[in-house]
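> Take this sequence and fold it.
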Amino acid sequence: MYRFQNFLDLIIETNGRNEFDNYFENEYSRINTANINDEPSSHSITLNIVDEIPKDLHPDAIYRKKHFKKLFTFEYSIVSLGTNNVVIYFKDHPVRRLYVTAVGVFVQAQVLEPVMYLSFLKQGVLFMHSAGVSKDGMAYLFPAYGGTGKTTLSLSLLTKGFDFLGDDLIIVDPTQKRVYPYPRPLHIFTYNVRNLKNARIPATTVFFIYFKNVLRFFLERILRTEFLISTRVHADEILKNLRLSQPAKLHNVIFLKKNGPQQCVDLSKEGALELHAAAIANSADLNASLFEILDDQVSVDEVREEEIKWFSVLLQHVDYFGYLNTRLIDLDHASNYLDDVEAR
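Numbers count the residues shown, from 1 in each chain. Got it, this is the predicted structure:
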């Protein structure tokens, strides 16, 4: 069992499929906060890897069969979505024996974590698409669209005395103004190899990163669809003296973007909270996968309403909110930008 603070228990039943056991242990062992004598959390998700999807599931079960990236067909069913105790059945796929990551990434990003996103949201907790660091117990969050510089910026700050919260997903309780670490493996691409200064990526890892880039090139041209094939590396494997952050106080939120000027936002203006809360929600990617699962406009609208509500609460409690074009700053001196923010 993996516990994410006191918000959610994740039970994974792989039924002897060790490849999945190893995959999820690598993903969640550094995040797990479970103790052997813990009482069960009030919210749980159980993921079952099965030979076949059971035929006699509850009438409210959601069944999906998805042809993913024109390569693989995956099947899964979700029982009691939106309740305190959700059960997922995922049909095993033969490619698991050759390359479990190809299946594990789908299960995680397209099924499991979108369901986690909803479970957190129902509790008034945000599972943010954001990088994050902390210093002196204060959390700095960097929500962004993919490829905007979350990983590069957060890792550059780790070499300047900041502690690591995560580079892609962060758990935030906006009501309690608390930010919790979520240190999954980093998703490293070729541009990260060029941009991650002060990081020591092993030569074998660099080889696989470039090999996957070549593979991606050919797959995109043969199948005429976009692929993102990352190599997964833990931050403490490439950065010396990395410190994992303890839970920290919500402090500053800086939305990363690829173009345009830097901007400090006055959230006291009429409509500003909802406007910028919607911008953060739109940059999430787990909600897009969740909406595919829901496939119901009423349910989608309800989730959207909850997102705006809780992101607005988040922004009410920050000391600073603004937008940053990472291409306009020297990442070697990114901490100077945060110093300027503190001086405002």
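
> For residue 200, see how far away residue 163 is.
Noted for residue 163: a distance of 19 Å to residue 200, by Cβ to Cβ, to the nearest Å. The C-beta positions use only the backbone N, C-alpha and C, and glycine is treated the same way.

> The two - which one has more neighbours?
When residue 163 and residue 200 are compared for neighbours, residue 163 comes out ahead with 20 against 11, by other Cβ atoms under 10 Å.

> Make sure that one is actually in contact with residue 136.
No. Residue 163 lies out of contact with residue 136 (Cβ atoms under 8 Å); the separation is 9.4 Å.

> Who are the contact partners of residue 131?
By Cβ atoms under 8 Å, 6 or more residues apart in numbering, the contact list for residue 131 reads 141, 142, 144, 150, 151, 153, 154, 165, 166, 167, 168, 170.

> please redo it, this time with the cut-off set to 7 Å
Residue 131 makes contact with 142, 150, 151, 153, 154, 166, 167, 168 under the criterion Cβ atoms under 7 Å, 6 or more residues apart in numbering.

> in the sheet, who's paired with it?
With DSSP bridges applied, residue 131 shows beta-bridge pairing to residue 142.

> Alpha carbons only: can I get the lowest-mean-pLDDT helix or strand in the chain in CSV?
The weakest-scoring helix or strand in the chain, judged by mean pLDDT, DSSP states H and E, is helix 190-195 (a mean of 73). Taking Å, rounded to 0.1, in the frame of the first residue of the first chain, the C-alpha atoms of helix 190-195 are listed here in CSV:
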residue,chain,number,x,y,z
THR,A,190,17.1,15.5,-24.9
TYR,A,191,16.5,19.2,-24.3
ASN,A,192,17.0,18.5,-20.5
VAL,A,193,20.4,16.9,-21.2
ARG,A,194,21.5,20.2,-22.8
ASN,A,195,19.8,22.5,-20.2
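
> Give me the contacts around that helix.
151, 152, 201, 206, 209, 210, 213.

> Which of these fall within helices?
Judged by DSSP state H, the subset of those located in helices is 151, 152, 206, 209, 210, 213.

> Which one of those sits in the busiest neighbourhood?
Neighbour-wise, the ones in helices among the contacts of helix 190-195 (other Cβ under 10 Å) top out at residue 151, 26 neighbours.

> quick one: buried residues of the least confident helix or strand of the chain?
190, 192, 193, 195 (16 or more other Cβ atoms under 10 Å).

> ok, now which residue in this structure is the farthest from the centroid?
Largest separation from the mean C-alpha position in the chain: residue 56, at 32.7 Å (Cα atoms, centre = their mean).

> ok so, going back, would JSON lines of the buried residues of helix 190-195 with distance to residue 294 be doable?
Converted to JSON lines, those look like this (distance: Cβ to Cβ, whole Å):
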{"residue": "190", "distance to residue 294": "35"}
{"residue": "192", "distance to residue 294": "33"}
{"residue": "193", "distance to residue 294": "37"}
{"residue": "195", "distance to residue 294": "36"}
